[in-house]
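In: Here is a sequence together with a model predicted from it:
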Amino acid sequence: MSGRAVISASIKAVKSTRKLAATKAPITLTQAAMDRAKELMNKNPDAAGLRIGVKQRGCSGLSYTLEYANEKKKFDEIVVQNGIKIYIDAKAQLSLLGTEMDYVKSPLSSEFVFNNPNIKGTCGCGESFTV
């Protein structure tokens, strides 16, 4: 099932305005993101974890991707937080350093939000970004 999209909701890139604490991991997950990731993993127990990547698309240049991962690819970096295994695609590693992954629900949508201190700009909808 590798390569299958995890969710149909949008993934939003946000330029972080707050100072994030330095960590050894390239990405950290909030409790809400961990809870949602656990729900997703329970729906697909054959998957080893979730893979975060970036693709060139959108009006600002890059957009995040999130999919189930069955195995580690050659240059993936693995982050494990509270039992959740996140594979970071090689192309995404430098643009994700210091990022906080959150999950936000509102009456009209639910989405993973990446609070990324490396983002220089985003498009109007927030789904694509530049670093």
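Out: Ah, there it is.
In: Just the residues contacting the biggest helix by length in the chain, thanks.
Out: Under DSSP state H, the helix in the chain containing the largest number of residues is helix 31-43. Defining contact as CB atoms under 8 Å, 6 or more residues apart in numbering, one finds that helix 31-43 is touched by 6-7, 29, 47, 49-50, 68, 81-84, 86, 101-104, 112. All C-beta atoms are positioned from the backbone trio N, CA, C, and that covers glycine.
In: and with 7 Å instead?
Out: The contact list for helix 31-43 (CB atoms under 7 Å, 6 or more residues apart in numbering) reads 6, 29, 47, 50, 81-82, 84, 101-103, 112.
In: For those residues, pick the one with the most neighbours.
Out: residue 101 (27 neighbours; other CB atoms under 10 Å).
In: That one - that's part of a strand, no?
Out: Yes. Applying DSSP: H, G, I helix; E, B strand; the rest coil, one finds residue 101 inside a strand.
In: what sits against it?
Out: Contacts of residue 101 (CB under 7 Å, 6+ apart): 27, 29-30, 33, 112, 114.
In: Tell me, please, where in the protein the pLDDT is lower than the cut-off.
Out: In the predicted model, the chain carries pLDDT under 70 at residues 1-24, 57-61, 118-131.
In: Okay then, goodbye and thanks.
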